[in-house]
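> Test case, fold it:
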Amino acid sequence: AKLQLHLSTALCKSINNMQHDNDYNVKDMSLAEWGRKELDMAEVEMPGLMSCRSEYGASQPLAGAKITGSLHMTIQTAVLIETLKALGAEVRWCSCNIFSTQDHAAAAIADAKSAAVFAWKGETLTEYWDCTNSALDWGEGTGPNMIVDDGGDATLLIHEGVKAEKEFEKSGKKPDPNSTENLEMKEVYRILRDGLDKNSKRWTNMAAGIKGVSEETTTGVLRLDEMAKAGELLFPAINVNDSVTKSKFDNIYGCRHSLPDGIMRATDVMIAGKKILILGFGDVGKGCAAAMKAAGAQVMVTEVDPICALQAAMDGIPVVRLDKVVGQIDIFVTATGNFNIIMAKHMQEMKNNAIVGNIGHFDNEIDMAGLQKIEGIKKIDIKPQVARWVFPDGHGIIVLAEGRLLNLGCATGHPSFVMSNSFTNQTIAQIELWTNKDSGKYEKQCYLIPKILDEKVARLHLAAVGAELTELTKAQADYINVAVEGPYKKNEYRY
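As a prediction, the model looks like this:
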């Protein structure tokens with residue numbers, strides 16, 4: 001079957017209720033062969049995941065796991081999905097961003113029946129949250145027992161569902177989409193409202209059966225930590241984001257690669273000589289700044305953290321305030337993980353054809369809603385995910401991916417080798433949570449992957465880059481009070 005991009009609500013519902021070979025919703029199944037060819041190439045560049053298959057495949061540590069994933073449906077994610085399946089899991093998947101799906105990757109996974117996948121590039125918000133809902137629907141009112149999350153949307157929907165069911169049981173009140181101005185939460189409340197009459201215990205029962213979630217990114221970890229601190233987290237969580245082999249590799253080296261890729265594919269502008277402002281100098285900002293400097297740009301950064309600001313200054317990068325330089329900058333890149341960073345008033349003050357993009361997780365670093373509300377503003381679509389917004393005075397700015405992740409919206413995201421590091425952490429986290437589901441080891445808190453496993457992820461990738469480790473003697477290991485086999489650093493060590 002070939003399922004096209006825009007399906008009727010009735011058809012979407014019928015697809016969601018299927019529990020057989022056609023349980024998917026992708027854009028174009030004819031892309032599956034292309035996707036499989038790229039998957040085969042990616043596997044060579046993902047030694048960590050392939051090592052997991054060879055090491056754990058025979059023992060099937062994920063047997064019985066029903067994993068729902070909410071993470072960019074790319075070629076690299078497809079290799080993760082097939083790794084989880086190879087270790088014994090059943091998998092359902094959606095993307096965590098309306099623009100990040102690679103349609104040939106989604107088609108390849110659906111064609112191979114590696115997972116029930118619900119994702120295509122260019123989803124509306126309504127479609128996005130319906131896909132998330134579908135990925136969490138395992139039929140007959142059941143849900144997953146494990147989650148792979150990126151940004152926390154699957155986790156959010158479950159927690160909001162439990163809250164809604166408690167309120168409905170108490171007062172008969174249903175969530176009201178009109179009670180919020182947040183466009184994402186409007187969709188969440190719509191799904192919860194519409195589901196209550198069908199099954200008023202769906203989310204409560206689902207949460208009770210979930211053994212854990214592994215979270216990919218900074219924003220999702222912040223959500224988990226907040227819920228854990230408030231005593232509201234409904235199942236154990238592993239923070240994959242702060243594994244060194246994720247945060248320092250995905251966030252620094254991945255962004256160093258994919259930021260210029262996204263900008264150049266979207267605009268074809270020459271980066272050399274341009275004035276570029278990176279908003280935020282954490283790991284993501286550091287990778288972005290390094291890439292732009294290497295391309296010959298005049299780089300500046302903004303920061304609220306004095307340590308990060310001093311790091312930038314010591315790297316020879318001016319630390320400035322947005323308000324003071326907004327009219328000078330050619331390219332703006334938000335990388336803070338916060339919200340309300342570039343506002344509509346800033347965009348009005350930018351020079352003609354300034355490029356504005358985001359590489360932080362969500363779309364709220366750039367005030368797209370405020371931009372759309374400017375009286376007399378006109379949007380001219382240049383190509384998918386590239387638009388020129390023209391102000392009433394005639395000057396305009398170029399906005400990439402509607403303020404969402406430009407490296408995934410305008411290009412293909414991080415390269416396979418970097419994502420092998422991140423996704424090997426995800427695989428290890430899923431094994432750790434699932435195999436300890438009945439041991440009492442993990443409570444309803446957010447945990448880090450042990451340092452020794454973090455180092456193992458790195459070890460799995462060394463041969464691919466021709467790196468050969470020096471080995472400590474027993475005497476040397478004793479001298480610095482570590483084991484010969486590691487771990488070699490204390491948890492407090494900052495790489």
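> CA only for contacts and neighbour counts going forward, please
Fine.
> Strands of the stretch 201-350 of the chain, start to end?
212-215, 237-239, 275-279, 298-302, 331-334 (DSSP state E, counting those that start in this stretch).
> For the last one, enumerate the helices and strands it packs against.
Translated: strand 331-334. Secondary-structure packing of strand 331-334 (3 or more Cα pairs under 8 Å, 6 or more residues apart in numbering; DSSP states H and E): strand 275-279, strand 354-358.
> repeat for the second one
If contacts are counted by 3+ Cα pairs under 8 Å, 6+ apart, strand 237-239 sits against strand 212-215, strand 446-448.
> ok, residues contacting the longest one?
This points to strand 212-215. For strand 212-215, contacts defined as Cα atoms under 8 Å, 6 or more residues apart in numbering pick out 145-152, 155, 221, 235-241, 426, 429-430, 433-434.
> Buried members of those residues into PyMOL, please.
A single PyMOL command selects the buried members of the contacts of strand 212-215 (16 or more other Cα atoms under 10 Å):
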select buried, resi 145+146+147+148+149+150+151+152+155+221+235+236+237+238+239+240+241+426+429+430+433+434
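> Between the strands of the stretch 201-350 of the chain, which one is closest to Gly440.
The closest of the strands of the stretch 201-350 of the chain to Gly440 is strand 212-215. By Cα to Cα, the value is 12.1 Å.
> From the chain's centroid, how far away is the closest one?
In terms of Cα atoms, centre = their mean, to the nearest Å, the centre of strand 212-215 is found 13 Å from the chain centre.
> For that strand, which strands pair with it and how are they oriented?
strand 146-149 (parallel), strand 237-239 (parallel) (DSSP bridges).
> pLDDT of it, averaged?
For strand 212-215, mean pLDDT rounds to 98.
> so which helix or strand takes in Arg388?
Here Arg388 sits within strand 386-390, counting by DSSP states H and E.
> And Met185, by the same measure?
helix 183-196.
> ok, and what's touching that helix?
Residues from elsewhere that reach helix 183-196 (Cα under 8 Å, 6+ apart): 125-126, 129-130, 133, 157, 161, 164-165, 168, 174-178, 180.
> Mind doing that once more with 6 Å?
With contacts defined as Cα atoms under 6 Å, 6 or more residues apart in numbering, helix 183-196 is touched by 174-175, 177.
> same question, stretch 146-156
Contacts for stretch 146-156 (Cα under 6 Å, 6+ apart): 66-71, 210-217, 219-220.
> Report the mean confidence score over it.
The model assigns stretch 146-156 a mean pLDDT of 97.
> give me phi/psi at the residue nearest the centre of the chain?
Among the residues of the chain, the one closest to the centroid is Asp150, at 4.0 Å (Cα atoms, centre = their mean). The phi and psi values for Asp150, taken as degrees, to the nearest 10, are phi -140, psi 100.
> What distance do you get for it to Thr219?
8 Å (Cα to Cα, to the nearest Å).
> And stretch 370-382, what's buried?
Buried-residue list, stretch 370-382, by 16+ other Cα under 10 Å: 371, 378-379.
> Can you list which of those are found in helices?
Of the buried residues of stretch 370-382, the ones assigned to helices by DSSP state H are Leu371.
> Between the buried residues of stretch 370-382, which sits nearest Thr473?
The nearest one, if we look at the buried residues of stretch 370-382 relative to Thr473 and count by Cα to Cα, is Leu371, at 61.5 Å.
> Give me the nearest residue to that closest one, chain neighbours excluded.
Ala344 (4.9 Å; Cα to Cα, 6 or more residues apart in numbering).
> Touching, that neighbour and Gly370? I think so.
Yes: with contact defined as Cα atoms under 6 Å, Ala344 counts as touching Gly370 (5.3 Å).
> What score does the residue nearest to Leu371 have for pLDDT?
pLDDT, Ala344: 98.
> Would you list the phi and psi of Lys383?
Dihedral pair for Lys383: phi -160, psi 170, per degrees, to the nearest 10.
> Can you name the residues bridging to it?
Val386.
> before we move on, back to that, to Pro47, which of the strands paired with strand 212-215 lies closest?
So among the strands paired with strand 212-215, strand 146-149 is nearest, using Cα to Cα, at 20.3 Å.
> model confidence over stretch 235-242, on average?
For stretch 235-242, mean pLDDT rounds to 96.
> so how far is it off the chain centroid?
14 Å.
> What of stretch 335-352?
22 Å.
> And for stretch 137-153?
Counting by Cα atoms, centre = their mean, stretch 137-153 comes out at 16 Å from the chain centroid.
> could I get that stretch in CSV with only the CA atoms?
What follows is stretch 137-153 as a C-alpha-only set of coordinates in CSV (Å, rounded to 0.1, in the frame of the first residue of the first chain):
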residue,chain,number,x,y,z
ASP,A,137,-1.3,3.0,20.5
TRP,A,138,-0.5,-0.7,20.6
GLY,A,139,-4.1,-1.8,20.0
GLU,A,140,-7.0,-2.7,22.2
GLY,A,141,-6.3,0.2,24.6
THR,A,142,-2.7,-0.9,25.3
GLY,A,143,0.5,1.1,25.1
PRO,A,144,4.2,0.6,25.1
ASN,A,145,6.2,-0.7,28.1
MET,A,146,9.3,1.3,27.0
ILE,A,147,9.9,4.8,25.5
VAL,A,148,12.7,6.3,23.5
ASP,A,149,12.1,10.1,23.6
ASP,A,150,13.7,13.2,22.1
GLY,A,151,12.4,16.4,23.6
GLY,A,152,9.9,14.6,25.8
ASP,A,153,6.7,14.8,23.7
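> Pull the contacting residues for Gly122.
Gly122 sits in contact with 98-99, where contact means Cα under 6 Å, 6+ apart.
> And it, what's its pLDDT?
Gly122 is assigned 96 on the pLDDT scale.
> That one - that's part of a strand, no?
No: going by DSSP: H, G, I helix; E, B strand; the rest coil, the assignment for Gly122 is coil, not a strand.
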